[in-house]
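A.B. asks: Here is my input, please return the structure:
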Amino acid sequence: MAKSIGIVETKGLTVAIEAADAMLKAANVSALGKEKIGSGLVTIIVEGDVSAVEAAVAVGAEVVQANGELIATKVIPSPHEELVHFLP
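C.D. replies: Numbers count the residues shown, from 1 in each chain. The predicted structure is shown next:
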């Protein structure tokens, strides 16, 4: 797994979809998926070059903060190849 991974976690599917849309439009990233964790929490996962992932996560966080509840964000610049087993 050579690409970077970006994660945005929020409360609510609607705001998660809005954030994912903005993330994909803002930077050259691909959607890896979303994970419904429970209690209304949704995690959005994208991949791409580190600078694109950082930009996408920043945009996603802005959208969530403006419209919902931001739980966490994370950029993993050089994920271990075995990390793929943890992703949806």
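
A.B. asks: mind listing the helices for the chain?
C.D. replies: Using DSSP state H, the helices of the chain run over residues 13-26, 50-67.

A.B. asks: what does the shortest one contact?
C.D. replies: Contact with helix 13-26 is made by 6, 8, 10, 29-31, 34, 36, 40, 42, 44, 46, 55-57, 59-64, 67-69, as judged by Cβ atoms under 8 Å, 6 or more residues apart in numbering. All C-beta spots, glycine's among them, are computed from the backbone N, C-alpha and C.

A.B. asks: Quick one, which of those are buried?
C.D. replies: 6, 8, 10, 29, 34, 42, 44, 46, 55-57, 59-61, 63-64, 68 (16 or more other Cβ atoms under 10 Å).

A.B. asks: Next one, pLDDT for residue 88 please.
C.D. replies: Note for residue 88: predicted pLDDT of 78.

A.B. asks: swap that for residue 1, please
C.D. replies: Predicted confidence (pLDDT) for residue 1: 53.

A.B. asks: rewinding a little: now the helices of the chain in JSON lines, please, with extra columns for distance to residue 77.
C.D. replies: Formatted as JSON lines, the helices of the chain follow (distance: least, Cβ to Cβ, whole Å):
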{"stretch": "helix 13-26", "distance to residue 77": "17"}
{"stretch": "helix 50-67", "distance to residue 77": "5"}
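
A.B. asks: what angle sits between the lowest-mean-pLDDT helix or strand in the chain and helix 50-67?
C.D. replies: One helix or strand of the chain scores below all others by mean pLDDT, DSSP states H and E: strand 30-38, with a mean of 92. Here strand 30-38 runs at an angle of 40 degrees relative to helix 50-67 (axes from the mean of the first three to the mean of the last three Cα atoms, to 10 degrees).
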